[in-house]
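J.: sequence first, predicted model second:
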Amino acid sequence: HAWLVDPLDGTKEFIKRNGMFTVNIALMTRSGQRWRPIFGVVYAPVSDTIWVGGTTHPPERRDGARTRKIEVNRQIGVKDEVFASALGPHDLVRMGSSLKACVVAEGSADLYPRFGPTSCWDIAAAHAIVEAAGGILVDPAGDTLDYDIVDDVLNPFFLIACNARWNAAWARNQD
């Protein structure tokens, strides 16, 4: 096991002082040369919100003294976040990667595609929370994302979603 810590996810948001940044902590487990998150904590200091979850801890959102269980949105509607215009209307929300993942984990958004560079510490904690909440985080091939936390810390493009409904469209958009 290893701890993976990102003390400031959302550097651009931090610089802009918009409050959309987080502190991420993930407990990783090793399988061969690759790693998977099994527990994660994402903390948004400005709103004093914490998301937590993993393989042995139920997914929760904590706002100050209030704690509530979270799960991905299992209903698919017109407000779906989409990555290609062929999939329908969408809303674009700008915030740090881990915050977007937590929004999917709590059911407020349906998917988050990432076509830009990220490092393993940017998303591993939220990955554990998304999976605990019933969602998925997949690589360009549609397989569950795993990580190299030693030699190649950059992630491939990824998709975080409430279910596998978008996997085929995701795979078509990798060229």
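T.: Sure, I can see it.

J.: which regions of this structure sit below the pLDDT cut-off?
T.: Along the chain, the parts satisfying pLDDT under 70 run over 75-94, 175.

J.: centre of the chain to stretch 56-75, how far?
T.: Centroid displacement of stretch 56-75 relative to its chain, using C-alpha atoms, centre = their mean, to the nearest Å, is 14 Å.

J.: would you confirm that residue 34 contacts residue 145?
T.: No. Using C-beta atoms under 8 Å, residue 34 is not in contact with residue 145, being 9.7 Å away. All C-beta spots, glycine's among them, are computed from the backbone N, C-alpha and C.

J.: with neighbour numbers in mind, choose between these two.
T.: Per other C-beta atoms under 10 Å, whichever of residue 34 and residue 145 has more neighbours is residue 145, with 23 against 12.

J.: how about the contacts made by that one?
T.: By C-beta atoms under 8 Å, 6 or more residues apart in numbering, the residues touching residue 145 are 123, 127, 137-139, 155-156, 158.

J.: again, only this time at 6 Å
T.: Contacts here follow C-beta atoms under 6 Å, 6 or more residues apart in numbering; on that basis residue 145 touches 137, 139, 158.
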